[in-house]
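Peer 1: just need the structure, nothing else, for what follows:
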Amino acid sequence: MKGPTMEISAAEFKAKCLKLMDEIAKTRKPIVITKRGKPVAKLVPAEPASRKPLYGCMAGTVTYEGDLLAPLDVEWEAEAETEPNLYPRKRQGRRRG
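Peer 2: Next up, the predicted model:
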């Protein structure tokens, strides 16, 4: 439902700016601002922000190669007990006391 576009002078716009912005948000109709009778600006309602649905927002962002369920053919260091951070050696030497 589009009606005629409202025109307003720059001086009147300056005096009623906040009220006019509220009116545009409510009616969704643009206002043309004029200076000496000539249009200089058009105040239009902002488009509502579109939100992407949460479900499926990351679709297509993950890739994998190979069979994820197949057993590994490489022995892990943790299983072989060769990882030095997991199995620290006992300290040799005198104790300080």
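Peer 1: confirm residue 4 sits in a strand?
Peer 2: No. Looking at residue 4 with DSSP: H, G, I helix; E, B strand; the rest coil, it is coil, so not inside a strand.
Peer 1: count of residues packed around residue 27?
Peer 2: 13 (other C-beta atoms under 10 Å). Backbone N, C-alpha and C define where each C-beta goes, glycine included.
Peer 1: could you measure from it over to residue 5?
Peer 2: Residue 27 sits 12 Å away from residue 5 when distances are taken as C-beta to C-beta, to the nearest Å.
Peer 1: do the same with residue 61
Peer 2: Using C-beta to C-beta, one obtains 44 Å as the distance from residue 61 to residue 5.
Peer 1: of these two, which one has the most company?
Peer 2: A count of neighbours by other C-beta under 10 Å puts residue 5 above the other of residue 61 and residue 5, at 12 against 6.
Peer 1: contacting residues for that one?
Peer 2: With contact taken as C-beta atoms under 8 Å, 6 or more residues apart in numbering, residue 5 is in contact with 29-32.
Peer 1: now the element after the top helix by length along the chain, going C-ward?
Peer 2: With residue count as the measure and DSSP state H as the assignment, the chain has helix 10-27 as its longest helix. Helices and strands here follow DSSP states H and E; after helix 10-27, the next one along the chain is strand 31-35.
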